[in-house]
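In: coordinates only, no sequence provided:
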């Protein structure tokens, strides 16, 4: 499998790691869309939110347990946004489930 995020998780491609546990890996985005922009990915390869199943949902649930810890480490005390892009129309650029944590400023309400 040729997956950019799997290569980052395995250490084959360098990243600025923010957090890691047995279920997920979090690192700073190389093209930040906000003052703080971090990606959180499951260590298990799941292509997108469309591919979450009962069998792999534990990994995803644990990501959402980790996200508040990651946000606190990043200094996001006043709030943040979590985004996941799915498929071509959703602008998913890497076919590995990932969640963007965006913050560090007052974000606009515009989600489009």
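Out: Done, it's in. Since we're looking at a predicted model, the values are computed, not measured.

In: in the host helix or strand of residue 6, what's buried?
Out: Secondary-structure assignment from DSSP states H and E places residue 6 in helix 4-9. Neighbour-count burial for helix 4-9, counted by 16 or more other Cβ atoms under 10 Å, picks out 5-6, 8-9. No exception for glycine: its C-beta is placed from N, CA and C like everyone else's.

In: out of those, who's nearest residue 75?
Out: Among these, residue 8 lies closest to residue 75 (Cβ to Cβ), at 22.8 Å.

In: per-residue confidence at the closest one?
Out: Model confidence at residue 8, given as pLDDT, is 97.

In: quick one: contacts for it?
Out: Neighbour list for residue 8: 15, 25, 27, 41 [criterion: Cβ atoms under 8 Å, 6 or more residues apart in numbering].

In: try it again with 7 Å
Out: 15, 27 (Cβ atoms under 7 Å, 6 or more residues apart in numbering).

In: please identify the pairing partners of the longest strand anywhere in the chain and their relative orientation?
Out: Longest strand in the chain, counting residues (DSSP state E): strand 36-42. With DSSP bridges as the test, strand 36-42 is paired with strand 24-28 (antiparallel), strand 99-103 (antiparallel).

In: which residues does it contact?
Out: Contacts for strand 36-42 (Cβ under 7 Å, 6+ apart): 5, 9, 18, 23-29, 59-60, 63, 66-67, 70, 74, 76, 96-104.
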